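> sequence first, predicted coordinates after that:
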Amino acid sequence: MTKQTSQPTEQQQARGSGLGYVIAGVVVVLVLGALTRLLEQQVPEWAAGTPFAKIAKSIEFPIYAIALGLIGNFILSRLALRDVLAKGFRTEFFIKTGLVLLGASINLKVLVTAAGPSIIQALLLISIVFGFTWWLGGVLKIEDKLRALLATAVSICGVSAAIAAAGAVQAKKEQLAYAASLVIAFALPSIFLLPWLADLFGLSEPVAGAWIGGNIDTPAAVAAAGAIAGEEALQIATIVKTTQNALIGIVAIALTAYFALKVERKSAEEARPTFGQFWERFPKFVLGFIAASIIGTVYLAAGGDKAAISTVNDLRTWFLIFAFVAIGLEFSLKGLKEAGWRPVAVFASATVVNIVVALGLAAVLFSGFSSG
Amino acid sequence: MTSASAVHRVPRMNEDWLAVIVGLALLALVLVGAIPGSVIP
């Protein structure tokens, strides 16, 4: 990255080969993404009739994607190619595009009218869990930007929320990768643990769904856990998670304002950020997300085909697969070691608080709920 | 320094907007029927 000034011809050559590496990196992501899709579809068939059939059926695409990304990471590192190809591992682009597409499946009217309890739960849960994580991060002296990322990730919707927060507070890429690694490490066991606990506690499906949706960070993992818990649980879990998703933009704006006003204030003049500074930090994909939601809502209201929205959801899944593959490819133990035990302790504590508070809220808000 | 950070900033801005453009373009193509569901594996 530390290029010395050289002849224009050399610069052009470097740029040319740089572009080649970016394209090669993207190709690696696409190939591993296609392999993920293949495994997701074929492994249950291959495992049919064996003792692994049930497990194979329950494994969702994020697990394959991350595993393949990590394997690719290991192989490319051994071949000394990972760093040069890394510019093609566009995690942020893939997830942001996936989120814009996600917007199309979210009906604004459903969010506002039918998801009353979800909105109350989301607001209370985000406030409590974000507040706790921020406070504990402060007690353990975690750097403010990482603190914001961890608090947003654990309280809203994992990787995508961390990305929105990273854009808002201008966090380092390593911090985002670290927060994403933590989210994934905690989300994967939750897919199996929460439905099992919901069954153990004898929770009704709406309460179990609200608990899962309010608790597990990534939407894909929520869908996986909801499906294990039951059809009604899946529906409620999706509504709750969707509601939290919709609040990413608000939290990003609040974080932008907070960091501009409090954390990075260098002089009285800079205490009040200009609109330009605010705009610079605003995650633009949120606009695309809202626009897609409006387009999807208007399209269906005008008699559009629901199958088209399903197709958009399929495309969204592809972009999420690419994002998870890229996360695996970018994963670095170096960053984890540098970050130390404190962020892990904060994230684990916040997850426990999230589990307990979400269970209480779900039991209160959804105990008499009926989707029929 | 200024030019270096400016150079650094341009691709980041582009990537953010690129996600919006690609996402909305794909949405539009699906809704007008240019990308049918059968095309997506």
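Received it, and whenever you're ready, just let me know what you need. Numbers count the residues shown, from 1 in each chain, chains lettered A, B, ... in the order given.

> for the stretch 51-200 of chain A, what lies in contact range of chain B?
Contacts of the stretch 51-200 of chain A with chain B, taken as CB under 8 Å from any CB of the partner chain, map to A:R90, A:E92, A:F93, A:K96, A:T97, A:G98, A:L99, A:V100, A:L101, A:G103, A:A104, A:G167. Heads up, the C-betas are built off the backbone N, CA and C, glycines and all.

> so what's the first one closest to, chain neighbours aside?
Closest residue to A:R90 in three dimensions, ignoring its sequence neighbours and counting by CB to CB, 6 or more residues apart in numbering or on different chains: A:A326, at 6.4 Å.

> and the residue of the stretch 201-350 of chain A that's closest to chain B?
Chain B sits closest to A:G288 of the stretch 201-350 of chain A, with a gap of 3.4 Å, by CB to the nearest CB.

> just to revisit the earlier point, A:F94 is in contact with the residue nearest to A:R90, correct?
Yes: the pair A:A326 / A:F94 is scored as a contact, 6.0 Å apart, by CB atoms under 8 Å.

> what packs against the lengthiest helix in chain A?
Scanning chain A for the longest helix, with DSSP state H as the assignment, gives helix A:8-47. Counting contacts by 3 or more CB pairs under 8 Å, 6 or more residues apart in numbering or on different chains; DSSP states H and E, helix A:8-47 is packed against helix A:53-58, helix A:61-78, helix A:82-85, helix A:306-330.

> show the pLDDT at A:A221.
We have a pLDDT of 72 for A:A221.

> my read: it touches A:F186, true?
No: applying CB under 8 Å, one finds A:A221 not in contact with A:F186, separated by 9.5 Å.

> the two: which has the busier surroundings?
Comparing A:A221 with A:F186 by other CB atoms under 10 Å in any protein chain shown, the one with more neighbours is A:A221, at 26 against 22.

> so what's the more buried one up against?
Residues counted as contacts of A:A221 (CB atoms under 8 Å, 6 or more residues apart in numbering or on different chains) are A:E60, A:P62, A:G158, A:A187, A:L188, A:S190, A:I191.

> and the second one, how many neighbours?
It stands for A:P62. A:P62 has 26 neighbours, counted by other CB under 10 Å.

> now swap in the fifth one and tell me
Using other CB under 10 Å, the number of residues around A:L188 comes to 18.

> correct me, but it touches A:I63?
Yes: applying CB under 8 Å as the test, A:L188 and A:I63 come out as touching, 6.5 Å apart.

> could you tell me which residues make contact with A:V84?
Neighbouring residues of A:V84 by CB under 8 Å, 6+ apart: A:Y21.

> and it, how far from chain B?
For A:V84, the distance to chain B equals 17 Å [CB to the nearest CB, to the nearest Å].

> mean confidence for stretch A:44-59?
82.

> how long is it end to end?
9 Å (CA to CA, to the nearest Å).

> just the element for A:A350, please.
Assigned by DSSP states H and E, A:A350 belongs to helix A:342-366.

> identify each buried residue in that helix, please.
Residues of helix A:342-366 classed as buried: A:342-344, A:346-347, A:349-351, A:353-355, A:357-359, A:361-362, A:365-366 (neighbour count, 16 or more other CB atoms under 10 Å in any protein chain shown).

> up against chain A, what does chain B have?
Residues of chain B lying near chain A (CB under 8 Å from any CB): B:15-24, B:26-28, B:30-31, B:33, B:35-37, B:40-41.

> out of these, list just those in helices.
Counted as lying in helices by DSSP H, out of the residues of chain B next to chain A, are B:15-24, B:26-28, B:30-31.

> put the buried members of those into a PyMOL selection.
In PyMOL, a selection of the buried entries from those looks like this (16+ other CB under 10 Å):
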select buried, chain B and resi 15+16+18+19+20+22+23+24+26+27+30+31
